[in-house]
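Undergrad: just coords:
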């Protein structure tokens, strides 16, 4: 695969990963549980991508974190803040609208390809 295509695919994936992560943080999750939830939905994310993303979302005040120390291994849990929930719902709406429009465009493109 060309370097350009790789770069474009990474760029396309970056925004979708943010939305995917936000979608799973309506209930508190720790890193590994989040990776598992996403993988169950067919979205693979490396921990080396996830943790910097979670730190960025926390810095942007979209998520909050807290340590759970009652178990043998302390875990840092992340959850949407009230602001984060508002932003997520707006992004979700935007994503759905954009997806419908893009799908219609691309589907139309397939029809043209078949008639050529």
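TA: Yep, that arrived. Nothing here was measured: the structure is a model prediction, and the numbers come from that model.

Undergrad: for stretch 62-79, buried residues please.
TA: Within stretch 62-79, the residues that count as buried by 16 or more other C-beta atoms under 10 Å are 62, 63, 64, 75, 77, 78. C-beta here means a position set from N, CA and C on the backbone, and glycine is covered the same way.

Undergrad: pick out the most distant pair among these.
TA: 62 and 75 (19.9 Å; C-beta to C-beta).

Undergrad: got a pLDDT number for residue 113?
TA: In this model, residue 113 is scored at 62, pLDDT.

Undergrad: for residue 67, what is the enclosing helix or strand?
TA: strand 63-68 (DSSP states H and E).

Undergrad: oh, that last question was meant for residue 103, not what I typed.
TA: Residue 103 belongs to helix 82-115, assigned by DSSP H and E.

Undergrad: so that helix versus strand 63-68, what angle?
TA: 120 degrees (axes from the mean of the first three to the mean of the last three C-alpha atoms, to 10 degrees).

Undergrad: which secondary structure elements does helix 82-115 contact?
TA: Helix 82-115 is packed against helix 3-23, with contacts defined by 3 or more C-beta pairs under 8 Å, 6 or more residues apart in numbering; DSSP states H and E.

Undergrad: just after the helix it packs on, pick out the following helix or strand.
TA: strand 29-30.

Undergrad: who does that next one pair up with?
TA: The sheet places strand 29-30 alongside strand 75-80 (antiparallel), with pairing taken from DSSP bridges.

Undergrad: could you give me the average pLDDT of the partner strand?
TA: The model assigns strand 75-80 a mean pLDDT of 97.

Undergrad: what are the contacting residues of it?
TA: Here strand 75-80 makes contact (C-beta atoms under 8 Å, 6 or more residues apart in numbering) with 22, 25-31, 34, 54, 57-58, 62-68, 88.

Undergrad: pull out the buried residues from stretch 42-57.
TA: Within stretch 42-57, judged by 16+ other C-beta under 10 Å, the buried ones are 43, 45, 50, 53, 54, 57.

Undergrad: could you look up the SS state of the second one?
TA: For residue 45, the assignment made with DSSP: H, G, I helix; E, B strand; the rest coil gives coil.
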